Every structure is written in structure tokens, then in C-alpha cells.
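**Q** sequence and predicted structure below; questions after.
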Amino acid sequence: MNVGICIRLQDGLWQEQLRHATANGIHHCQLVSWLPEYWTAEQAEIIKRAFAQADMTITAFWCGWVGPKKWNFTEGPETLGIVPVTYRHIRIQNLLDGAAFARMLGLKDVITHMGFIPENASDPNYPGVRAAVRYLAEELKKHDQNLLFETGQETPVTLLRLIEEVGTGNLFINLDPANLIVYGKANPIDALDVFGAYVRGVHAKDGAYPTNGNDLGPEKKVGCGKVNFPAFIKALKEHGYDGSITIEREIKGEQQLIDIVDTRHYLEKIFAEL
């Protein structure tokens with residue numbers, strides 16, 4: 001396993017994050033973007049040159065989408081991902097455009113949040129969600145690409161069912177252990193018993209469980225929340241995972257940079273003890 005980082009594609013920001021990462025010995029990343037206007041051939045060439053010069057390997061493209069997004073339990077189901085019918089068409093196109101940009105970068109793996117996938121398979125919205133996922137998966141498969149679900153808004157069994165029912169062979173999981181906790185959906189170590197065979201990407205993020213019915217639990221610095229990282233990484237290894245553990249610290253400013261460096265050392269110590 002190796003330590004990676006999330007680098008966000010925004011003006012000036014990604015260059016700074018790239019410099020900070022390589023200066024601190026991190027050479028793998030997921031490239032994250034919520035801005036389709038950046039997904040051009042010209043931008044792809046700029047990124048490829050800069051990342052090659054920095055000896056930084058991009059492991060996946062994390063593809064966002066346009067429109068409102070409310071990260072809570074009350075407005076989230078109506079605003080996140082392709083689940084809301086209102087935004088489904090445009091966001092499918094966003095994801096196809098993001099996959100095309102990923103191909104310009106030479107990347108196979110495209111990650112996104114699909115939204116609050118219905119847990120009840122009899123939910124009238126579930127067939128439309130499943131059809132949208134199948135369409136996306138089939139389009140990416142034409143280009144030998146994979147579509148990865150970032151965990152969080154659905155239970156592990158719900159995600160497993162959808163992957164099995166679509167059945168295209170190119171659907172996988174980007175396991176964010178903190179998301180499973182802050183959404184109150186599962187313990188990430190136990191979740192590996194459900195969908196471990198499909199894990200193709202992993203985030204290093206920590207958090208606490210929700211304490212009310214409206215708001216997500218808080219994110220925490222890795223090692224300070226409810227994720228048992230030594231046990232989690234051991235379980236990942238037992239399930240055959242040997243890729244990047246990609247740090248995602250969702251705060252801003254100097255403390256974010258400090259926490260990223262601390263997390264890198266924390267994770268490498270765990271790797272050494274396995």
C-alpha cells in the first residue's frame with residue numbers, strides 16, 4: 001500500500017497542493033474536480049506535464065457534478081448525485097464528460113457520489129437509478145474504464161445489490177471509512193465483509209457518528225475519530241487491497257496541511273507494522 005492525497009482541480013490550488021504533497025513525500029493522488037469547464041484537452045496536457053515533472057501518479061479522477069448539493073439528511077436525498085430525477089440528466093452528462101477528461105489524462109477509474117441510493121429495492125425511484133448507473137457503466141466500459149461509487153449515503157448491502165444487479169463488471173467502490181460513520185450507515189471494517197471484493201480505492205478520513213437526525217456526524221483528523229485505522233488497514237490487506245490510501249482532510253488553511261503530513265506518518269507507521 002502507499003499514501004496518496006486528494007488534489008483539487010481549481011485555479012492555483014492544485015499547483016500549490018501538488019508542491020506541498022511532493023515536498024512531503026507523497027507521490028500518489030486522486031484528482032478531484034467539480035468544475036466541468038476545466039475538463040478540456042488543453043487543461044489535461046498542462047496537468048500531465050506538471051504531474052510528470054513532480055513524479056506524481058494520478059490513481060483516479062474524482063468527478064463532481066453541477067447543481068445544488070446539501071450534505072445532510074434532510075435536503076441531501078433531493079440534491080445529491082443522480083438519484084434526484086430533477087438533476088439526473090445533466091449529471092449523467094457531467095459524469096460522461098468527466099470520464100472523457102479522465103481518458104485524456106490516461107485514467108481508467110472515475111469516482112463519484114451517486115447520492116442517497118434507495119435502500120428499499122421496491123422504491124419507485126430505484127429502477128431509474130439502476131438504469132442510469134447501467135447506462136453510465138456501459139458507456140465507460142466501451143473505453144475500458146471503471147465507475148467507482150464513493151461510500152457514504154447508502155448502506156453496504158444497498159451498494160452491493162446495485163453493483164450485482166447492473167452486472168457490467170466495471171463497477172467498483174471507493175471506500176471512504178469516515179463517510180460510512182458520519183452518515184451512520186456502517187462500521188467500515190464490517191462493511192468489507194459485505195463488499196470487500198469490489199474495493200478499488202480508499203480514502204483516509206475519520207469522523208464520528210451522527211448525534212441527531214438532521215446533520216451528519218463531524219469529520220475528524222485521522223486517528224481522532226471512530227475509524228480504527230490499524231484494524232481497518234489490516235482488514236483491507238486481508239481482502240486483497242494493495243493500492244493507495246488517499247488522504248482527504250476536509251478543512252482549509254494551515255491546519256489542513258499539518259494534518260495531512262501527520263496522517264502520512266501515521267499511516268506509514270501502520271503499514272510498517274502489518
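**A** Received it, and whenever you're ready, just let me know what you need.

**Q** quick one, strands of the stretch 151-274 of the chain?
**A** Taking DSSP state E, counting those that start in this stretch to define them, one finds strands in the stretch 151-274 of the chain at 171-175, 199-204, 206-207, 219-220, 244-247.

**Q** surely residue 28 is in contact with residue 6?
**A** No - with contact defined as CB atoms under 8 Å, residue 28 does not count as touching residue 6 (10.7 Å). Where you see a C-beta, it was placed from the backbone N, CA and C, and this is true even at glycine.

**Q** any residues in contact with both of the two?
**A** Shared contacts of residue 28 and residue 6 (CB atoms under 8 Å, 6 or more residues apart in numbering): residue 246.

**Q** just to revisit the earlier point, distance to residue 158 added to the strands of the stretch 151-274 of the chain, as TSV?
**A** Formatted as TSV, the strands of the stretch 151-274 of the chain follow (distance: least, CB to CB, whole Å):
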stretch	distance to residue 158
strand 171-175	12
strand 199-204	16
strand 206-207	20
strand 219-220	23
strand 244-247	23
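
**Q** turn these into TSV, including mean neighbour count.
**A** Output for the strands of the stretch 151-274 of the chain, formatted as TSV (neighbours: other CB atoms under 10 Å):
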stretch	mean neighbour count
strand 171-175	24
strand 199-204	23
strand 206-207	24
strand 219-220	20
strand 244-247	26
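
**Q** may I see these arranged in a markdown table, with mean pLDDT and distance to residue 130 as well?
**A** Formatted as a markdown table, these follow (pLDDT from 0 to 100; distance: least, CB to CB, whole Å):
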| stretch | mean pLDDT | distance to residue 130 |
| --- | --- | --- |
| strand 171-175 | 98 | 11 |
| strand 199-204 | 98 | 20 |
| strand 206-207 | 98 | 29 |
| strand 219-220 | 97 | 30 |
| strand 244-247 | 98 | 28 |
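
**Q** out of the ones you listed, which is closest to residue 55?
**A** strand 244-247 (14.7 Å; CB to CB).

**Q** can you give me the buried ones in stretch 60-75?
**A** 60-65, 69, 71, 73 (16 or more other CB atoms under 10 Å).

**Q** which residues pair with the most centrally placed residue in the chain across the strands?
**A** Central residue of the chain (CA atoms, centre = their mean): residue 150, 4.2 Å from the mean position. As for beta bridges, residue 150 partners with residue 174 under DSSP bridges.

**Q** show me the contacts for it.
**A** Residue 150 touches 62, 111-113, 174, 176, 179, 203, counting by CB under 8 Å, 6+ apart.

**Q** again, 10 Å this time
**A** By CB atoms under 10 Å, 6 or more residues apart in numbering, the contact list for residue 150 reads 62, 81, 111-114, 173-176, 179, 201, 203, 248.

**Q** now swap in residue 216 and tell me
**A** Residue 216 neighbours (CB under 10 Å, 6+ apart): 71-73, 76, 152-153, 178-179, 181-184, 207-210.

**Q** how near is it to residue 184?
**A** 8 Å (CB to CB, to the nearest Å).

**Q** shared neighbours of the two, anything?
**A** In contact with both residue 216 and residue 184: 73, 209-210, using CB under 10 Å, 6+ apart.
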